[in-house]
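Colleague: Need coordinates for the following:
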Amino acid sequence: MSEKATLNTPSLPPFPGRVGGVLFDIDETLVDLVQAMRDAMVFAGTHLLPDCTSAQWDNFAALYMADPNDYYDRYVMGEFTFGQQRGLRARAVFEQLGFTVFDAAAELRWISDFEEAQPRYIRAFNDVVPLLDALDAAGIPYGAVTNNVHDYQRAKLDHAGLQRIGMLVGIDTVKAAKPRPEIFLEGCRQLGTAPSETLYVGDNFLIDGVGSVKAGLHGVWLNRENKAMPAVPADDTACAQAVRIISSLAQMGELAGLSNPPRACDARLSK
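Modeller: Model (predicted):
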């Protein structure tokens, strides 16, 4: 299953029945984490790479976000602390770039400087607030289910101006991470909605889309960058076919049958 996702997006039939609630992923769904992390990397790394150009920092950030050693996923599984995975990912990039003086002291400073800077750059995508306004107008409750710890993600939502998202489930809430069903079901429980009437929206097709469908919710893949659909295990084919695909949160109005849908807009923030 490797066709372009856009093949499934020309028509978005409304949700079959009443939408009781909507649950969201946070990073790259509600919050532009990639840009925030890139900007924080510049802050944390300029003293080490003073001659790095903007394009080179873009490359640095792309290498970091690719995380080929799966340090973040291994943190989620309990192998590292959050700070350790951040330092390990930075170390891997510096090594790939041939920078040899990223020692233990430099790594500790990197982690500290990065943590100091990132909150300043956290912003919500431009299509978030219009959708939340439309859901409020329709009386549809919403919340977030995330693969990070509650308090860290709570602060991130607050920095992004999304204090109105009051319900938040983190991996420490139920000691489980997506795509395990427990974390999705806890979101439904806290929201007060049945899984069968709950939409889950996220930017990862397998973890968010297929994972939520397997838990009994209705998965929605937010594919902002028109990425190719990833390969799907044979056992998950039926669930994958049930995932709806959108390129902007503005399309959620059509899916949810909102009478006052959010207007379409450029999701990325103007710089």
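Colleague: tell me the secondary structure for V220?
Modeller: Here V220 is recorded as strand under DSSP: H, G, I helix; E, B strand; the rest coil.
Colleague: does the closest residue to it other than its chain neighbours sit in a helix or strand, and which one?
Modeller: Spatially, and ignoring its direct neighbours in sequence, V220 is nearest to V201 (4.4 Å; C-beta to C-beta, 6 or more residues apart in numbering). Where C-beta positions appear, they are placed from N, C-alpha and C, glycine not excepted. For V201, the enclosing helix or strand under DSSP states H and E is strand 198-202.
Colleague: quick one on the thing from earlier: tell me the contacts of the residue nearest to V220?
Modeller: V22, L23, F24, D25, T29, D208, V220, L222, I246, L249, M252 (C-beta atoms under 8 Å, 6 or more residues apart in numbering).
Colleague: and the next element down the chain from the longest helix seen in the chain?
Modeller: Scanning the chain for the helix with the most residues, using DSSP state H, yields helix 104-121. The first helix or strand that comes after helix 104-121 along the chain, using DSSP H and E, is helix 128-138.
Colleague: so for that next one, what's the average pLDDT?
Modeller: Average pLDDT, helix 128-138: 95.
Colleague: what helices or strands is it leaning on?
Modeller: helix 252-256 (3 or more C-beta pairs under 8 Å, 6 or more residues apart in numbering; DSSP states H and E).
Colleague: and the helix it packs on, what does it pack onto?
Modeller: Counting by 3+ C-beta pairs under 8 Å, 6+ apart, helix 252-256 packs on helix 128-138, strand 198-202, strand 244-246.
Colleague: returning to that earlier point: partners of the residue nearest to V220 in the sheet?
Modeller: Note on V201: beta-bridge partners by DSSP bridges are F24, V220.
Colleague: sorry, back to before: ok, of the contacts of V201, which come out buried?
Modeller: V22, L23, F24, D25, T29, D208, V220, L222, I246, L249, M252 (16 or more other C-beta atoms under 10 Å).
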